[in-house]
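Undergrad: Need coordinates for the following:
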Amino acid sequence: MSKKKLLILGGTRLIGPAFVKSFGADYAITLANRGVSPFSTTHPVARLTLDRFDTDSLQRALGDSQGDNQWDAVIDSLCYCAKDAAQLYGVLAARFKQLVLLSTRSVYSGHGPFLEDAFDPTHYAFDREKTAAKFGATLLQGEVSYGEGKRQAEAYYSQTCPERLTILRFPIVIGDNDYTNRLAWHVARAQQQLPIDFGAPEAQTSFIDVAQAGRAIDFCLRQNAGGIFADRIFNVASPPLRMQDFIDLLGEVLAVPVAHTAGAAEISPYKTTANHVLDCSKIAAMGFTCPPFIPTLRAYIRAAVSSHPH
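TA: Residues are numbered from 1 along each chain as shown. You can find the predicted model right below:
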């Protein structure tokens with residue numbers, strides 16, 4: 001049996017490398033990106049150099065004239081607004097069987113736990129002209145926020161190719177080569193014993209390890225191949241942690257006192273003042289669960305200490 005052909009937009013920074021490392025032998029994978037971020041793998045992977053956010057570049061690399069560009073599945077890890085979604089769909093349109101959009105907990109608002117139907121993209125308005133601001137950045141004219149951009153990206157795909165779409169909503173992602181450096185930020189400041197504002201220590205939040213995110217992608221690809229999907233939007237996360245659990249673990253591994261200091265100048269990138277928990281019962285009912293996150297988090301904190309010794 002021939003391997004399923006996958007096109008991964010991006011794929012070299014966080015979730016993509018974890019997926020390729022674990023499942024690269026099971027699929028015929030093509031990575032499509034600018035070729036800027038270093039990436040190595042023992043699995044045979046084809047490469048396409050393109051600018052995901054430029055229609056002409058997408059057309060040159062993926063257009064009809066470029067050989068047998070038919071894909072069993074496209075994994076879009078670089079889609080931040082409806083404009084991005086429309087650009088890719090305009091080029092690929094009828095040449096894929098399944099599209100997996102990697103989305104985020106940020107599509108939800110208010111207090112969790114969040115079920116998938118807390119945000120329904122099927123009738124949500126989108127603007128194909130606006131771009132998305134970087135996470136946490138100040139909005140410029142013509143931009144939408146990170147969360148709003150993801151809502152509109154989901155909306156475009158949901159209203160354009162619903163029968164071929166799977167959306168995975170992830171919480172805070174932690175893993176090797178984390179370009180956000182959010183965990184390293186905590187390690188560095190805790191080592192310096194700087195006061196940190198964590199928000200509400202008793203509030204719960206969700207995390208996921210990159211390896212588990214990769215497992216979720218593989219799970220959905222295999223389940224969809226069997227034609228058993230009754231739904232197409234899934235929350236995916238490990239069981240939630242209290243922010244105090246994170247604070248305690250940070251202090252335990254670093255062997256220094258770490259505590260929440262309300263109003264401190266150093267504000268945690270993970271700061272939460274309410275429960276931001278993903279309810280993952282839907283995908284769990286299908287047979288997919290993530291393990292508890294504390295052991296994984298402990299290992300990543302230790303790795304961050306080794307990489308950035310005090």
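Undergrad: Past the top strand by length along the chain, which element shows up next along the chain?
TA: Secondary structure of the chain per DSSP state E: the longest strand is strand 96-104. Moving toward the C-terminus from strand 96-104, the next helix or strand (DSSP states H and E) is strand 131-132.
Undergrad: Can you list the strands that that following strand pairs with?
TA: With DSSP bridges as the test, strand 131-132 is paired with strand 143-144 (parallel).
Undergrad: returning to what we had before: what's the longest strand of the chain in contact with?
TA: For strand 96-104, contacts defined as C-beta atoms under 8 Å, 6 or more residues apart in numbering pick out 7, 15, 70-77, 79, 85, 146-147, 150, 153-154, 157, 161, 164-171, 213, 217, 220-221, 224. Bear in mind the C-beta positions are built from the backbone N, C-alpha and C, glycine included.
Undergrad: Drop anything exposed from those residues.
TA: Neighbour counting by 16 or more other C-beta atoms under 10 Å classes 7, 15, 71-77, 79, 85, 146-147, 150, 153-154, 157, 161, 164-171, 213, 217, 220-221, 224 among the contacts of strand 96-104 as buried.
Undergrad: Which ones among these map onto strands?
TA: Using DSSP E, the subset of these located in strands is 7, 71-76, 165-170.
Undergrad: ranges for the helices of the stretch 201-310 of the chain?
TA: Applying DSSP state H, counting those that start in this stretch to the stretch 201-310 of the chain gives helices spanning 210-225, 243-254, 281-285, 294-307.
Undergrad: counting contacts, what elements does the second one pack onto?
TA: Right, the one you point to is helix 243-254. The contact analysis (3 or more C-beta pairs under 8 Å, 6 or more residues apart in numbering; DSSP states H and E) places helix 243-254 against helix 182-191, strand 196-199, strand 266-272, helix 294-307.
Undergrad: Pull the residues that contact it.
TA: The contact list for helix 243-254 (C-beta under 8 Å, 6+ apart) reads 186-187, 190-191, 198-205, 257-260, 270, 272, 294, 297-298, 301-302, 305.
Undergrad: In PDB, list the C-alpha atoms belonging to it.
TA: The C-alpha trace of helix 243-254 is given here as PDB (Å, rounded to 0.1, in the frame of the first residue of the first chain):
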ATOM      1  CA  MET A 243      -1.100  27.800  37.900                       C
ATOM      2  CA  GLN A 244       0.100  27.000  41.400                       C
ATOM      3  CA  ASP A 245       1.200  23.500  40.200                       C
ATOM      4  CA  PHE A 246       3.400  25.200  37.700                       C
ATOM      5  CA  ILE A 247       4.800  27.600  40.300                       C
ATOM      6  CA  ASP A 248       5.500  24.700  42.700                       C
ATOM      7  CA  LEU A 249       7.200  22.600  40.100                       C
ATOM      8  CA  LEU A 250       9.400  25.500  38.900                       C
ATOM      9  CA  GLY A 251      10.600  26.000  42.500                       C
ATOM     10  CA  GLU A 252      11.100  22.300  43.000                       C
ATOM     11  CA  VAL A 253      13.300  21.800  39.900                       C
ATOM     12  CA  LEU A 254      15.300  25.000  40.400                       C
END
